[in-house]
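here is a sequence with its predicted model. Questions after.
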Amino acid sequence: MRLRSWTTLSLMTIALVAWGQTSTNPKLVNTEATSPEPSVNSYTVLGATSEQETLVRDQIRIMQPDVYPLRVLFVSHWKYVETARTFRLHVPAGYISAMFTHLPSRSVFIDSDRYVSDDSLGYWVAHELGHLAANSASENAADKAAREYRKRLKDARKRAVH
Ligand SMILES: [Zn+2]
């Protein structure tokens with residue numbers, strides 16, 4: 001069971017790399033304009049426990065991002081590091097070390113060994129959704145877009161408490 005899911009992840013990585021390398025069509029980057037409706041639930045969550053999947057789907061639903069990911073992948077730390085290296089991504093030390101987004105494939109990778117709590121998961125997913133909304137690798141642009149998403153998460157938590 002476990003072996004099989006790793007195989008799936010590896011194939012997914014290979015497919016994403018191939019896609020990234022051949023993707024010259026700007027339409028692949030932003031399909032929002034051509035989609036008839038926002039794909040609220042049509043993205044895939046891979047490698048997550050059922051609790052993690054429920055949590056991340058709830059958080060994304062609350063944040064109502066402008067651009068939804070196509071897939072959210074929970075991966076072990078070694079797989080995370082390997083994938084980042086495959087995409088030649090520089091993950092700044094001490095900064096967003098628990099997740100990153102591959103923009104051309106709208107894929108969010110989460111290091112399932114590194115994120116520490118439900119709240120921190122939502123906080124950093126907001127940042128990754130910010131990258132998608134801004135369609136930019138800029139950390140400032142992502143944080144700017146993430147501000148509204150974090151506010152929605154916070155408001156939802158307040159409503160749940162009172
Ligand atoms: Zn970032």
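Yep, it's here.

look up how far the ion lies from residue 112.
18 Å (CB to the ion, to the nearest Å). No exception for glycine: its C-beta is placed from N, CA and C like everyone else's.

meant to ask about residue 75, not that
Taking CB to the ion, one finds residue 75 at 17 Å from the ion.

wait, that residue touches residue 48, no?
No - using CB atoms under 8 Å, residue 75 makes no contact with residue 48, being 9.8 Å away.

joint contacts of those two?
Taking CB atoms under 8 Å, 6 or more residues apart in numbering as the contact rule, residue 75 and residue 48 both touch residue 112.

who has more neighbours out of the two?
Legend: neighbour count by other CB atoms under 10 Å for residue 75 and residue 48, higher for residue 75 (24 against 18).

residue contacts, that one?
Taking CB under 8 Å, 6+ apart, we find residue 75 in contact with 9, 47, 83, 109-112.

let's see if you can find the most crowded of the residues you listed.
In terms of neighbours by other CB under 10 Å, the contacts of residue 75 top out with residue 109 at 28 neighbours.

how about the contacts of residue 75 in JSON lines, adding pLDDT and secondary structure?
Shown next, in JSON lines, are the contacts of residue 75 (pLDDT from 0 to 100; DSSP: H, G, I helix; E, B strand; the rest coil):
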{"residue": "9", "pLDDT": "52", "secondary structure": "helix"}
{"residue": "47", "pLDDT": "96", "secondary structure": "coil"}
{"residue": "83", "pLDDT": "90", "secondary structure": "helix"}
{"residue": "109", "pLDDT": "95", "secondary structure": "strand"}
{"residue": "110", "pLDDT": "94", "secondary structure": "strand"}
{"residue": "111", "pLDDT": "92", "secondary structure": "strand"}
{"residue": "112", "pLDDT": "88", "secondary structure": "coil"}
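
having no further points to raise, I will conclude here.
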